[in-house]
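Enquirer: Give me coordinates for this.
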Amino acid sequence: MTTGIPALDALNTAPLDEACARLDGLYEHSPWIVRSALARRPFATPAALVAACADVVDRADVQAQLALIRAHPELAGKAMVAGTLTAESTDEQSRAGLTHCTPEEYATLQRLNAEYRARFGWPFILAVRGPRGRGLSRAQIIAAFERRLHAHPDDERRECLRQIHRIAEIRLHDKLGWEPTAGHAVWDQLAALARHSEHPEHLTVTYLSAAHRACAADIAGWMRAAGCDTVDTDAVGNVVGRYAGQRPDAPWLLTGSHYDTVRRAGPHDGRLGIAVPLAAVQALHARGERLPFGIEVVAFAEEEGQRYPATFLGSAPLVGAFDPAWLDLTDADGIPMAEAMRRAGLPGTQAAIAACARDPGRYLGFVEVHIEQGPVLSEANRPLGIVTGINGSVRWLGEYVGVACHAGTTPMTQRRDAAAGAAELTLAVERLARQHPGTVGTVGILEVPAGSINVVPGRCRFSLDLRAPTDAARDALAQAVLEAAHAIAAQRGLTLTLRETLRASAAPSDPAWQARWERAVAALGLPLHHLPSGAGHDAMMLHRRLPQAMLFVRGENGGISHNPLESTTSDDIELAVQAFARLLRDLAAELA
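Expert: The predicted structure is shown next:
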């Protein structure tokens with residue numbers, strides 16, 4: 001096997017003792033991890049070696065895991081002051097500026113070290129070189145320290161292990177003399193795009209705002225720089241870049257994601273699925289290579305439903321699903337959508353929007369790369385995940401009405417407590433969702449109007465959000481939850497009202513396209529990890545007309561998304577770019 005990384009090729013063929021020596025220090029004072037992982041040679045990529053090491057640690061017992069954690073020094077701790085850190089730890093703490101702390105920063109870190117060790121019994125572990133590998137700031141390190149100090153011990157132990165694997169990943173790059181160049185480039189693009197925001201302190205980009213239009217201009221620039229033959233903006237503000245195939249009549253592969261954000265967003269949601277395929281196109285263009293199909297990258301202008309009470313405004317027109325009534329919707333300032341479009345230089349007419357529809361006969365399918373937005377890949381130590389489908393969902397807004405009465409004078413046996421009914425329903429949703437495999441249920445809103453500390457609640461408003469991999473599973477859970485809701489009302493003497501606000505069908509991945517993603521990930525030497533998408537995506541809309549399949553990229557910080565802490569590493573992005581490029585090569589071979 002030739003990997004294209006000379007040092008990795010040499011590692012794959014070296015005698016075991018020599019290979020272990022070359023990787024000395026990869027895991028702090030814990031050579032047993034590397035020795036065991038090397039049994040899985042050869043490794044196709046550096047990430048495959050890190051995955052093998054992560055599996056070794058996962059199979060170890062808790063005491064061995066704790067010993068690994070305790071083998072690490074404290075940040076800016078006594079070992080740093082005494083100069084007894086390993087060479088690797090010295091380099092990492094120096095890059096993060098921990099050797100140049102102010103007296104106040106040093107005092108804060110010493111306090112946090114003491115509090116953390118007292119709470120958990122081991123040192124705080126953080127990959128201080130960060131998701132890009134250049135080093136976190138001291139302020140970022142202190143903020144992470146303070147945030148994680150309040151975690152559950154089991155969760156924090158697992159997080160420490162994830163940070164150790166990240167440390168090992170960066171150390172491995174140094175030993176191999178290799179960098180995730182494409183991943184760095186995409187990470188930097190997304191960081192630069194995040195400078196456009198409607199709020200000076202956090203990322204917010206809603207449909208057709210000034211920040212949104214600035215993002216569109218930057219993305220158009222990305223597309224031109226990548227070598228797209230044409231770059232256009234359509235009637236809803238989608239930015240469309242096309243890289244033509246070998247023949248004028250060649251079919252197209254459609255890909256992309258959205259560039260609008262929620263309020264207080266992270267930089268990778270949606271936007272990752274624009275930059276990753278463009279990196280693959282750029283590589284093709286640099287080689288002067290054309291494929292038996294064209295690549296159409298669409299930066300969808302809207303998916304999140306933040307400015308107007310409608311979602312998928314960008315992808316809906318491509319499948320003829322844009323509701324003309326949406327043009328009359330108004331935002332918080334009373335501006336109709338059609339008027340906002342015209343102010344942004346778009347036609348603002350249904351006829352122009354209808355012209356965006358694609359002919360399915362000209363397209364092979366739709367693929368989307370997206371940050372996971374959840375904890376599954378992070379918990380499993382897998383950088384990439386194969387999406388089996390996008391869950392169907394149904395939502396309601398509901399209210400229980402009982403009797404508001406004095407909290408001191410009304411006996412427990414004579415109460416009609418609306419909030420207690422909603423609380424019981426919340427527990428029922430949790431119980432029923434656990435009983436239905438693959439489903440999730442959430443009561444996200446619980447509200448007692450005009451509530452008072454000494455009044456039994458007479459009204460309680462609530463929401464229901466139920467999701468499942470198939471429509472049948474969704475409907476089975478919904479029936480069980482509704483039966484429970486009515487039974488609670490009858491038992492407690494409450495009146496129940498429910499209003500359905502959303503019903504979305506599941507979008508299972510097309511088997512052939514899912515298999516292509518599987519082959520692409522396997523070619524990187526990575527274990528395959530399958531998971532459903534609990535969140536909605538543009539692929540859900542394209543599913544109406546085209547076969548679709550998605551690839552998820554692991555998120556940091558427990559996979560949190562729709563949050564400023566949302567992040568992924570340039571290494572995981574590199575793998576996504578390589579997987580996308582492999583999918584293109586395999587598809588080209590199929591069509592040749």
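
Enquirer: contacts and neighbour counts: CA atoms only from here.
Expert: Fine.

Enquirer: In three-state terms, label residue 322 for me.
Expert: Of the three states, residue 322 takes coil under DSSP: H, G, I helix; E, B strand; the rest coil.

Enquirer: which residue sits closest to it, ignoring its sequence neighbours?
Expert: Of all residues not flanking residue 322 in the chain, residue 316 sits nearest, at 5.1 Å (CA to CA, 6 or more residues apart in numbering).

Enquirer: and the nearest residue to residue 269 once chain neighbours are set aside, how far is that from residue 561?
Expert: In space, and not counting its chain neighbours, residue 269 is closest to residue 371: 6.0 Å by CA to CA, 6+ apart. For residue 371, the distance to residue 561 equals 8 Å [CA to CA, to the nearest Å].

Enquirer: After the lowest-mean-pLDDT helix or strand in the chain, which helix or strand is next?
Expert: Across the helices and strands of the chain, mean confidence by mean pLDDT, DSSP states H and E is lowest for helix 78-82: a mean of 66. Next helix or strand after helix 78-82 toward the C-terminus (DSSP states H and E): helix 87-95.

Enquirer: hmm, who's touching whichever helix or strand comes after that following helix?
Expert: Toward the C-terminus, helix 87-95 is succeeded by helix 103-120 as the next helix or strand (DSSP H and E). Residues external to helix 103-120 that are found in contact with it (CA atoms under 8 Å, 6 or more residues apart in numbering): 74-77, 122-124, 138, 142, 145-146, 149, 153.

Enquirer: Buried residues in helix 103-120, which are they?
Expert: Of all the residues in helix 103-120, those buried under the rule 16 or more other CA atoms under 10 Å are 105-106, 109-110, 112-113, 116, 120.

Enquirer: Look at residue 269 and tell me its secondary structure.
Expert: coil.

Enquirer: how many neighbours does it have?
Expert: Close neighbours of residue 269, defined as other CA atoms under 10 Å, add up to 26.

Enquirer: Residue 303 is in contact with residue 309, isn't it?
Expert: No - with contact defined as CA atoms under 8 Å, residue 303 does not count as touching residue 309 (11.0 Å).

Enquirer: ok, the two, which is more surrounded?
Expert: residue 303 (25 against 11).

Enquirer: Tell me if I am right that the more buried one is in a helix.
Expert: No - under three-state DSSP, residue 303 falls outside any helix and is assigned coil.

Enquirer: show me the contacts for it.
Expert: 258, 260, 311-315, 537-538.

Enquirer: Could you write me a PyMOL select line covering just the buried ones among these?
Expert: Filtering these down to the buried ones (16+ other CA under 10 Å) takes a single PyMOL command:
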select buried, resi 258+260+311+312+313+314+315+537+538
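
Enquirer: Switch the contacts of residue 303 over to JSON lines; also include distance to residue 297.
Expert: Shown next, in JSON lines, are those (distance: CA to CA, whole Å):
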{"residue": "258", "distance to residue 297": "11"}
{"residue": "260", "distance to residue 297": "16"}
{"residue": "311", "distance to residue 297": "20"}
{"residue": "312", "distance to residue 297": "16"}
{"residue": "313", "distance to residue 297": "17"}
{"residue": "314", "distance to residue 297": "13"}
{"residue": "315", "distance to residue 297": "12"}
{"residue": "537", "distance to residue 297": "15"}
{"residue": "538", "distance to residue 297": "13"}
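
Enquirer: Quick one: the contacts of residue 303 as JSON lines, columns for secondary structure and distance to residue 298 too.
Expert: Compiled in JSON lines, the contacts of residue 303 are given as follows (DSSP: H, G, I helix; E, B strand; the rest coil; distance: CA to CA, whole Å):
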{"residue": "258", "secondary structure": "strand", "distance to residue 298": "8"}
{"residue": "260", "secondary structure": "coil", "distance to residue 298": "13"}
{"residue": "311", "secondary structure": "coil", "distance to residue 298": "16"}
{"residue": "312", "secondary structure": "coil", "distance to residue 298": "13"}
{"residue": "313", "secondary structure": "coil", "distance to residue 298": "13"}
{"residue": "314", "secondary structure": "coil", "distance to residue 298": "9"}
{"residue": "315", "secondary structure": "coil", "distance to residue 298": "9"}
{"residue": "537", "secondary structure": "coil", "distance to residue 298": "14"}
{"residue": "538", "secondary structure": "helix", "distance to residue 298": "10"}
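
Enquirer: Could you identify the least confident member of the contacts of residue 303?
Expert: Of all these, residue 311 has the smallest pLDDT value, namely 90.

Enquirer: And it, how close does it get to residue 381?
Expert: 32 Å.

Enquirer: quick one: low-confidence parts of this structure?
Expert: For the chain, applying pLDDT under 70 flags the ranges 78-84.

Enquirer: Now the terminal residues of stretch 230-250, how far apart.
Expert: Span of stretch 230-250 from end to end, CA to CA: 16 Å.
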